[in-house]
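**Q** From the sequence below, what's the structure:
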Amino acid sequence: MALPTSYMTGGYSKVPKYFETISNAQAPDKFTVKFMKDLGFTSSNDTQFINILKSIGFLDDSGTPTERYFAFFDKTNAKRVVAEGIKEAYADIFMLNVKAYELGKDELKGKFKQLGDNKVSDATLTQKVSTFVALCEYADWSEAIIQKTDKTNPEDKEDKDGLANGEISAKAKTGVSLCYDIHIHLPATRDEKVYDALFSSLTKHINLE
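**A** You can find the predicted model right below:
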């Protein structure tokens, strides 16, 4: 089991400001110390946040923004994207408690020690826990919106309206239900045998079940 090696040594209250500023800036080709300073964050504690972004999957090892970084620009889902990154980076903590984001610092220290941080100084352990807490406080841990779906088995459901309008349902072996709209142009004739032959052929070659 392992925890992220990156942590902040201070400035935890600025975590929301870091994220908000990043969300309002154009993504750089490389997220560097210079870019962080250009955003207005010039202290050594500020630049530590770059490694935090790497640990939660916003940047790759070279500092290039990832897909998660760009997903964060969707402000309606931004904080959930952060939560996703935290759960991935601190997966071992969440294995011990699925709601680790609700734990107090003392309890988290115990979890961190259990997962291998028992050899670091108490000051370092406090900084690691404080980094985790600051990230969790910013993130949105609410459940994702689950769209309601029709759980009716397609094999058991008959689309009466569709059949009434001449739509023929063909169910693939994969379980996917396909719907075809067939238009038939009948020949101009008074001979009923022509129509009988036509519909007999349709019945033979098209599965109407």
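**Q** Pass me the low-pLDDT residue ranges in the chain, would you?
**A** 1, 143-209 (pLDDT under 70).
**Q** repeat that with 90
**A** When residues are selected by pLDDT under 90, those of the chain lie in 1-3, 44, 116-120, 143-209.
**Q** Okay, buried residues for the longest helix along it please.
**A** Scanning the chain for the helix with the most residues, using DSSP state H, yields helix 122-138. Of all the residues in helix 122-138, those buried under the rule 16 or more other Cβ atoms under 10 Å are 125-136, 138. (Each C-beta comes from the backbone N, C-alpha and C, glycine too.)
**Q** for stretch 72-92, same thing?
**A** Here stretch 72-92 shows 72, 77-87, 89-90, 92 as buried, counting by 16+ other Cβ under 10 Å.
**Q** Could you tell me which of those residues belong to helices?
**A** Those of the buried residues of stretch 72-92 lying in helices (DSSP H): 78-87, 89, 92.
**Q** could I get those as JSON lines with distance to Gln48?
**A** Below are these laid out as JSON lines (distance: Cβ to Cβ, whole Å):
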{"residue": "Ala78", "distance to Gln48": "21"}
{"residue": "Lys79", "distance to Gln48": "21"}
{"residue": "Arg80", "distance to Gln48": "24"}
{"residue": "Val81", "distance to Gln48": "21"}
{"residue": "Val82", "distance to Gln48": "17"}
{"residue": "Ala83", "distance to Gln48": "21"}
{"residue": "Glu84", "distance to Gln48": "22"}
{"residue": "Gly85", "distance to Gln48": "16"}
{"residue": "Ile86", "distance to Gln48": "16"}
{"residue": "Lys87", "distance to Gln48": "21"}
{"residue": "Ala89", "distance to Gln48": "15"}
{"residue": "Asp92", "distance to Gln48": "22"}
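**Q** what's the closest of these to Glu67?
**A** Comparing those against Glu67 with Cβ to Cβ picks out Val81 as the nearest, at 10.0 Å.
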